[in-house]
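*Asks:* Following is a predicted model, sequence given first.
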Amino acid sequence: MLSVVTTPQDLDDRFRAALTALGAPAQRRDLGEPLPGDASLTGAQALALFDAQLTSRLLDLAGRWLRSFGEGYYTIGSAGHEGNAAVAAALRPTDPALLHYRSGAFYCLRAAQAAGGFPAGAPVPDAGAPVPTGEARAARIPDPRTPAAGEVDADADRPDGSPESGELAGDPAAAPAALPLDGPAAPDGAGASDGSGASDGSGASGGAAAPGGAGASDGAGASDGTAAPDGAGAPTSPAEPAGPAAPPAGDGAGAASLPSGAGVAVDTVGAATVGVPDLPLPDPDDAYAEAARDVLRGMVASAAEPIAGGRHKVFGRADLAVIPTTSTIASHLPRAVGLGLALERLRRGGRRADGDSGAAPWPPDAIVVCSFGDASVNHATATAAFNTAGWYDHTGLRIPVLFVCEDNGLGISVRSPRGWVAETLRARPGIRYFAADGTDVAEAYRVAAEAAAWVRRHRRPAVLHLATVRLMGHAGADAETAYRSPAEIAADVARDPLLATARRLVEAGYATGEELLARYDERGWQVRRLAEEVLDEPKLASPVDVVAELAPRRPVRISRAVADAAARAAGPDSGARAEAFGGRLPELAGPLTLAQSINAALADGMLDHPGMAVFGEDVAAKGGVYGVTKGLRDRFGAARVFDTLLDETSILGLALGAGVAGMLPVPEIQYLAYLHNAEDQLRGEAATMRFFSRGAFRNPAVVRVAGLAYQEGFGGHFHNDNSVAVLRDVPGLVIAVPARPDDAAPMLRTCLAAAAVDGAVSVFLEPIALYHTRDLYTEGDGEWLAEYAEPSAWAARHVPIGRARVYGVGSAEDLTIITFGNGVRMSLRAAAALADEGVGSRVVDLRWLAPLPVADIIREASATGRVLVVDETRRSGGVGEGVIAALVDAGYVGTARRVAGLDSFVPLGPAARQVLVSEEAITEGARTLLAR
């Protein structure tokens, strides 16, 4: 067994002893009957939740067992958090879920749901029965797995001042009230349906007992909506768990109340005994076993693991709508908000990047669920997500997201101050608050169902605050005794949610302690066998295997996509294109600046990609600080071009969620310096999606960033930032830097095509100082302007990712200058001055900082044997380092020199010239190099 590995609390031994002590109920109850005292669940559903919980617990033990002999690489477990299985049960298996790392039970239950292994709810009362109101209907809990009947009240106003279901006016551990439902009143004692099978507009059905003795089942398996007779097995109050039902009274008196599936045994003297069949042992090939195999494969880094393929231990599977996230600090929450916003947009008629309408990966009434720990409430990304969700709710936009905070009171060893998490979550404007005890599976299910139904109906955000405990420490290496007292640890052990569910099953009459122990042991052997099997599975064994799904590049397909877009723009879409440009096509407008060229390319992109959306600070009404997005909102509407709140983390989070939903987001970060506030959304979230999902999920995006230095009369640190090192360090990220107008449009088309074809994430870094530049050598020469290519020329002028542009000045035989961005213009001017001295130069515009155009670099460097790298970023961590390294790696034997910015922030005003590259510095660097 797995129990050979002891835990800090000897958890396995304690659990086994406790199950044995539970004994047997006074009378057995059929699994199809509602749970006494809380008819939101049947016995069969409670047993299924127990199965998910015990599978998760055994996986935690398996992780430590594997680690004990060096074959397991992950021991952060879910022990104490198994109540999240109830959250999964309260949702639909088609609701996208982004889960934190203590979600083992959620994952197991979601797998059972998807496989049809989670039992149906209690019987629904007669459809003709009156609909209860007030307190009578408050006990009716919808079955969240029932498909919607098309009644999603996304425009419903919030209820009046009365507390919402699950909202606690006092202690968060107190029992929450239930969700009021619309409809006429019904007499006390009627357990009811609204006549349509829908309970609250979410399409979910109810079958729970109502106060006053009402019950969906009358103890005899009947579901006629009438009150159960005294002693028939119905609880007298939903707030108080009922004890075992009384045995049948008298000859035949109990015949009408035999449990469904009960057997009658007649002995040799004719005495009859009513019995309920023993619990069957788990199926060795059921969905829980499949989920366990998934998790175990992640623990041992098996290449057969279904989502990350051995790259990381994550919870994820496309067919379960579980989107992988490696986050431990809530950095996935901004994506969840973006996904919710995108789902609602698609539900209301928006289009995906492929042009399909209503073809989202998830049903139109799906809601997003994302879970996180209590310590993460304090993280900036969580704050950003809550604020953005509330901000949009305040403006009237719908975001159907259920945040689930699993609160065990600790962040590794740091305690969450008592009451802080509840107070913090309650204070979030625009987010409905629900709370439940996560160690009580029935309460957790009831409140989670209410919260999910509320979000699904109103299409508004809510948070479920789930009180949990943490068992077995933070991870295998964590010694809790260093920061927790024995009494504190014992108190958590006493609230073990797995034991609480077992106790509920026995006390309700569904099972004996011995049967549950046998079930636990059988699953334990099954998990042990699976763990041994996955040990022999292959691991990732080569660099090619590891990076295969990092960022696939299919340049032929991208080129074809650009050609297809050109054919559409010149052919069937030409009329719509002319209308969108108001009859003034950009190719007929004369030479354009860099900003104008980008603006026109964005408009063409919007025409060709129906799911494309442009958003950011000031991009809509104002048209961007520099006018780059001017007129786009008027042409394409506020649903596709919109202003966001001032928060870069949320802007990128919106993009990542929209990309997962199938859209093509083009967010704008107003200045490069502002990106550093949120760069982990690119590094830890955007760039990892394909890598950790083997391409099952992707978040295509083209992130436009105004940046770099050399603004005249305006600037300083925030508006003249020249730091791109953090971007170049992100694996798989494409970084484009257009310097010329005639490069900007084709490069943007390439990035959009790469997003659509490969799911690429690109940063389109636009040099602010060149936005409106018109001249190159002399004032009025207009040589920095360029004509916008007509669609028939797009294919011929296509710029592949990672290809440079070369300018020949003079003989072009003496010197190679490698540069990008503002350096292109300065280098061309310097090359012209050198040409007057008889020096021929070739100026190489990298255009792409990642991936670098290495082949072009080597070819052009070898052509002259003298290389001057002009790097407007910093000497340390700048682009020049990568260029020099590429030359060295390729065996370049010529001479090389760098001219780079100083390792300094860019100061305000003329002082900036002291730290930035200048034309004079380029000229002097070239002369020094030529003199060697």
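*Replies:* Structure's in. What do you need? Residues are numbered from 1 along each chain as shown.

*Asks:* list the helices and strands the longest strand seen in the chain packs on?
*Replies:* For the chain, the longest strand by residue count, based on DSSP state E, is strand 866-874. Judged by 3 or more Cβ pairs under 8 Å, 6 or more residues apart in numbering; DSSP states H and E, strand 866-874 is in contact with strand 815-819, helix 822-836, helix 879-889, strand 895-901, helix 919-930. Using the backbone N, CA and C atoms, a C-beta is placed for each residue, glycine as well.

*Asks:* Highest mean neighbour count out of those?
*Replies:* Of these, the one with the most neighbours on average (mean count of other Cβ atoms under 10 Å) is strand 815-819, at a mean of 28.

*Asks:* who's in contact with it?
*Replies:* For strand 815-819, the surrounding residues in contact (Cβ atoms under 8 Å, 6 or more residues apart in numbering) are 826-827, 830-831, 834, 839-846, 857, 860-861, 863-864, 866-872, 883, 922, 926, 929-930.

*Asks:* Now do the SS call for W391.
*Replies:* Classification of W391 by DSSP: H, G, I helix; E, B strand; the rest coil places it in helix.

*Asks:* tell me the contacts of L828?
*Replies:* By Cβ under 8 Å, 6+ apart, the residues touching L828 are 776, 807, 809, 843.

*Asks:* To clarify, my last question referred to F691.
*Replies:* Counting by Cβ under 8 Å, 6+ apart, F691 touches 308, 311, 549-550, 731-732.

*Asks:* Mind giving me the PyMOL command for buried ones among these?
*Replies:* In PyMOL, a selection of the buried entries from the contacts of F691 looks like this (16 or more other Cβ atoms under 10 Å):
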select buried, resi 308+311+549+732
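
*Asks:* hang on, the earlier thing: and the contacts of L828, which is closest to A566?
*Replies:* Taking Cβ to Cβ as the measure, A566 sits nearest to Y807 out of the contacts of L828, at 25.6 Å.

*Asks:* Could you give the number of residues near the closest one?
*Replies:* Neighbourhood size, Y807 [other Cβ atoms under 10 Å]: 16.

*Asks:* go on, P284?
*Replies:* Neighbourhood size, P284 [other Cβ under 10 Å]: 12.

*Asks:* Run through the stretch 601-750 of the chain and note the low-pLDDT ranges.
*Replies:* 713-715 (pLDDT under 70).

*Asks:* mind listing the helices for it?
*Replies:* Ranges of helices in the stretch 601-750 of the chain, per DSSP state H, counting those that start in this stretch, are 632-636, 648-660, 672-675, 680, 725-728, 741-758.

*Asks:* orientation of the longest one relative to helix 822-836 in degrees?
*Replies:* Here helix 741-758 runs at an angle of 140 degrees relative to helix 822-836 (axes from the mean of the first three to the mean of the last three Cα atoms, to 10 degrees).

*Asks:* Report the angle between helix 741-758 and helix 648-660.
*Replies:* Here helix 741-758 runs at an angle of 60 degrees relative to helix 648-660 (the same axes, to 10 degrees).

*Asks:* From the contact counts, what lies against helix 741-758?
*Replies:* On a contact count with 3+ Cβ pairs under 8 Å, 6+ apart, helix 741-758 meets helix 555-570, helix 594-608, strand 664-669, strand 701-707, strand 734-736, strand 761-767.

*Asks:* To R64, which of those lies closest?
*Replies:* With respect to R64, and counting by Cβ to Cβ, the nearest of these is strand 761-767 at 36.6 Å.

*Asks:* what does that closest one contact?
*Replies:* With contact meaning Cβ under 8 Å, 6+ apart, strand 761-767 is reached by 551, 594, 598, 628, 672, 682, 686-687, 699-708, 710, 724, 727, 732-739, 744, 747-748, 751, 754-755, 821-822, 849.

*Asks:* just the angle between it and helix 741-758, please?
*Replies:* Computed by the same axes, to 10 degrees, the angle separating strand 761-767 from helix 741-758 equals 170 degrees.

*Asks:* Partner strands of strand 761-767 and their direction?
*Replies:* Using DSSP bridges, the strands paired with strand 761-767 in its sheet are strand 701-707 (parallel), strand 734-736 (parallel).

*Asks:* A479 - how many residues pack around it?
*Replies:* Around A479 there are 11 other residues, counting by other Cβ under 10 Å.

*Asks:* Return the distance of it relative to G473.
*Replies:* Relative to G473, A479 is positioned 7 Å away (Cβ to Cβ, to the nearest Å).

*Asks:* So, low pLDDT: which residues of the stretch 251-400 of the chain?
*Replies:* For the stretch 251-400 of the chain, applying pLDDT under 70 flags the ranges 251-277, 327-328, 350-360.

*Asks:* Strands of that one, start to end?
*Replies:* For the stretch 251-400 of the chain, the strands defined by DSSP state E, counting those that start in this stretch occupy 263-266, 272-275, 322-323, 368-373.

*Asks:* How much space separates the nearest residue to D407 once chain neighbours are set aside from V761?
*Replies:* Spatially, and ignoring its direct neighbours in sequence, D407 is nearest to D374 (3.9 Å; Cβ to Cβ, 6 or more residues apart in numbering). According to Cβ to Cβ, D374 and V761 sit 31 Å apart.

*Asks:* Please apply the same query to L727.
*Replies:* Counting by Cβ to Cβ - L727 and V761 are separated by 11 Å.

*Asks:* These two: which has the busier surroundings?
*Replies:* Applying other Cβ under 10 Å to L727 and V761 shows that V761 carries more neighbours, namely 28 against 23.

*Asks:* who touches the residue nearest to that one when sequence neighbours are not counted in this structure?
*Replies:* Residue nearest to V761 in three dimensions, not counting chain neighbours: A686, with 4.7 Å by Cβ to Cβ, 6+ apart. With contact set as Cβ under 8 Å, 6+ apart, A686 has these partners: 652, 655-656, 659, 699, 701, 733, 761.

*Asks:* Out of the contacts of L828, who's the most crowded?
*Replies:* Most neighbours among the contacts of L828, by other Cβ under 10 Å: V843, with 28 neighbours.

*Asks:* my guess is that residue meets Y807, correct?
*Replies:* Yes: taking Cβ atoms under 8 Å as the definition, V843 is a contact partner of Y807 at 4.3 Å.

*Asks:* any shared contact partners between L727 and V761?
*Replies:* In terms of Cβ under 8 Å, 6+ apart, L727 and V761 are both contacted by the residues 682, 733.

*Asks:* my read: A896 touches V869, true?
*Replies:* Yes: using Cβ under 8 Å, A896 is in contact with V869, at 6.8 Å.

*Asks:* Need the overlap of contacts for those two.
*Replies:* Residues touching both A896 and V869 (Cβ under 8 Å, 6+ apart) are I884.
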